[in-house]
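# coords please:
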Amino acid sequence: MKDLGALRDFLGVEVACSFEGDYLDDPEKYRCLVARLIYLSFTRPDLAYAVHILSQFMHAPRVDHWDAALRIVRYLKGNPGQGILLLASFNLSLSGWCDSDWASCPLTCRSLTGWIVFLGSSPISWKPKKQHIVSRSSVEVEYRSMAAATL
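Alright, predicted model coming up:
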């Protein structure tokens, strides 16, 4: 094998690489902030998806990721008291909901799955997650979502 350097053309197609946005000078601040948001999302399910997306860029955060994390902080500051309210009710029925979005990740074409479990009218567990494989149909995605919710 021989290293020919950076890729310039492949099968007659010119290849141009560009990186959108600048990397942060101090990524440790970003990692610390996102870690705190992950902890906070245990009581704020409305943050779960946005924090899930931000946590994918912990290894090499860019300035636009930092701006998005600060936007979440501004949202939190503007909406205090929006956390989970656990009611003291006698209804101890367990119910769950799940949903999925087929091939919604623009980077990997993987599907997103989310589920939530209620005890009475109070949420006790939830999780948004990108599926491990690329599914061939929306039915397969829904089946995987239901399987994830029942585990």
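# tell me the contacts of the spatially most central residue of the chain?
Closest residue to the average C-alpha location of the chain: residue 52 at 2.6 Å, with Cα atoms, centre = their mean. Contacts for residue 52 were tallied using Cβ atoms under 8 Å, 6 or more residues apart in numbering; they are 128-130. For the C-beta atoms, the positions are set from N, CA and C on the backbone; glycine is no exception.
# if you set the cut-off to 10 Å instead, what comes out?
38, 41, 112, 114, 127-130 (Cβ atoms under 10 Å, 6 or more residues apart in numbering).
# wait, is it part of a strand?
No: per DSSP: H, G, I helix; E, B strand; the rest coil, residue 52 lies outside any strand segment and is helix.
# tell me which stretches of this protein form strands.
Taking DSSP state E as the criterion, the chain carries its strands at 9-10, 13-14, 94-101, 112-119, 122-130.
# the longest helix in this protein is where?
Identified as the longest helix of the chain according to DSSP state H is helix 63-78.
# list the helices and strands that one packs on?
Applying 3 or more Cβ pairs under 10 Å, 6 or more residues apart in numbering; DSSP states H and E, one finds that helix 63-78 makes contact with helix 27-40, helix 48-54.
# quick one: low-confidence parts of the protein?
The chain contains residues with pLDDT under 70 at 1, 7, 10-13, 15-21, 86-87, 89-90.
# would you map out the domains in this protein?
The chain breaks down by automatic domain parsing into domains covering 1-83, 94-150.
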